[in-house]
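> Next input, structure requested:
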Amino acid sequence: MPINDRSIDLRLLDDISFDDVEVYLRDPEPEVRDAALAAMIKSARAGRAPHRAGDTLAWALADEHENVRRSAAGALRDLPVLYLADGGVAALRLAAARGREPFVREIAAELLTGLREAAADQYAHGLHHGEAHVRVQAVLGLVALHAVGRVAEAAADPAREVRAAVAQGLARIARPEGLPALARLLTDHDPVVRMAALDAAAALGVPEDLELRVVAALLDDPSRQVRRTAAVALAQGDPDGAVPPLIRALRDRTVDVRRAAVRSLEQWAADRPEVLAALTEALDDPDPGVRTQIRWALA
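Residues are numbered from 1 along each chain as shown. Okay, here's the model as predicted:
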């Protein structure tokens with residue numbers, strides 16, 4: 001395929017900026033777009049990568065012509081690290097998921113893995129910062145990267161706000177590898193952390209690995225707020241494991257816990273006779289609010 005005059009002129013440029021080649025990158029002729037990438041790659045190899053070069057190469061992975069896609073993929077694989085903004089990362093994700101050729105998908109996936117690992121290393125370094133609020137931000141960054149192992153490592157942080165962030169983050173990641181750390185947080189010495197872990201367990205549907213600790217929190221925890229949170233969490237669990245302790249919680253010494261138990265049991269009142277019987281018996285509760293809540297549940 002002959003090279004037209006525009007691509008010849010472009011290749012003669014020694015030091016280009018993104019503005020110099022932008023018009024060529026939108027050209028309808030693939031050889032012109034390929035020449036534009038070649039000029040950018042030449043500058044990048046010389047240590048003069050134009051601004052937005054990384055993003056441009058990433059988006060070129062979706063070019064309509066195979067030659068352009070190959071040029072972009074080869075450059076992204078072989079060049080020194082290029083800066084990628086959010087747009088470039090989005091382009092890599094698109095290429096990894098929908099690239100037209102296997103080599104495009106593979107290179108995009110490799111680059112994304114490298115970016116995640118590099119970012120995870122930086123966030124993990126932040127876990128050792130002296131300020132708790134910085135460590136919280138580091139946890140949030142690792143959660144966004146789904147770096148479940150590194151998030152779990154922060155479960156032993158001395159600051160309760162960091163441990164609470166870990167519990168919330170493990171729920172967002174929702175990976176089995178995070179359950180052991182979440183189980184430890186369910187027995188944390190700080191009730192705020194225990195409540196955060198209970199909320200996380202509820203968000204995960206109270207997995208079997210956590211069920212016994214959630215039940216123990218409902219029946220034995222000295223904090224009424226924790227017991228109430230556990231009663232709410234068990235509403236998301238398997239009824240075979242949740243119903244018996246919730247029925248016992250109908251006799252808890254704290255009104256708020258009994259009300260939470262009623263609300264959690266309500267969903268099973270029509271299907272499980274033991275729930276109906278327990279709620280009916282609890283109509284003698286000394287608190288009028290609990291009695292009203294039970295009547296609503298039975299209705």
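
> and the helix or strand hosting R184, how far from the chain's centre?
R184 is part of helix 179-185 when elements are defined by DSSP states H and E. Relative to its chain's centre, helix 179-185 lies at 17 Å (C-alpha atoms, centre = their mean, to the nearest Å).

> and it, which residues are buried?
Residues of helix 179-185 classed as buried by neighbour count (16 or more other C-beta atoms under 10 Å): 179, 181-185. The way it works is simple: take the backbone N, C-alpha and C, and place the C-beta from them, glycine included.

> Show me what it is packed up against.
Helices and strands touching helix 179-185, by 3 or more C-beta pairs under 8 Å, 6 or more residues apart in numbering; DSSP states H and E, are helix 148-153, helix 160-173, helix 191-203, helix 208-220.

> Dump those helices to TSV, plus distance to R135 and mean neighbour count.
Shown next, in TSV, are these (distance: least, C-beta to C-beta, whole Å; neighbours: other C-beta atoms under 10 Å):
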stretch	distance to R135	mean neighbour count
helix 148-153	11	20
helix 160-173	5	23
helix 191-203	14	24
helix 208-220	24	19
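
> I'd like these laid out as CSV, including mean pLDDT.
Below are the helices and strands packed on helix 179-185 laid out as CSV (pLDDT from 0 to 100):
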stretch, mean pLDDT
helix 148-153, 94
helix 160-173, 97
helix 191-203, 98
helix 208-220, 97
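
> Indicate which one of those helices is closest to G87.
Nearest to G87, of all those, is helix 160-173, at 24.3 Å by C-beta to C-beta.

> The helices and strands packed on helix 179-185: which one's closest to D27?
Nearest to D27 among the helices and strands packed on helix 179-185 is helix 160-173; the distance by C-beta to C-beta comes to 43.4 Å.

> Could you pull up the contacting residues of the residue nearest to W296 when sequence neighbours are not counted?
Among residues not flanking W296 along the chain, E266 sits closest, at 7.7 Å (C-beta to C-beta, 6 or more residues apart in numbering). Counting by C-beta atoms under 8 Å, 6 or more residues apart in numbering, E266 touches 279, 296-297.

> quick one, what contacts V257?
Contacts of V257 (C-beta under 8 Å, 6+ apart): 218, 224, 227-228, 231, 249.

> Show me what counts as buried in the helix or strand that contains it.
Assigned by DSSP H and E, V257 belongs to helix 255-266. Across helix 255-266, burial judged by 16+ other C-beta under 10 Å covers 255-266.

> Taking those residues, tell me the two that lie furthest apart.
Longest distance between any two of the buried residues of helix 255-266 is 16.7 Å, between V255 and E266; criterion C-beta to C-beta.
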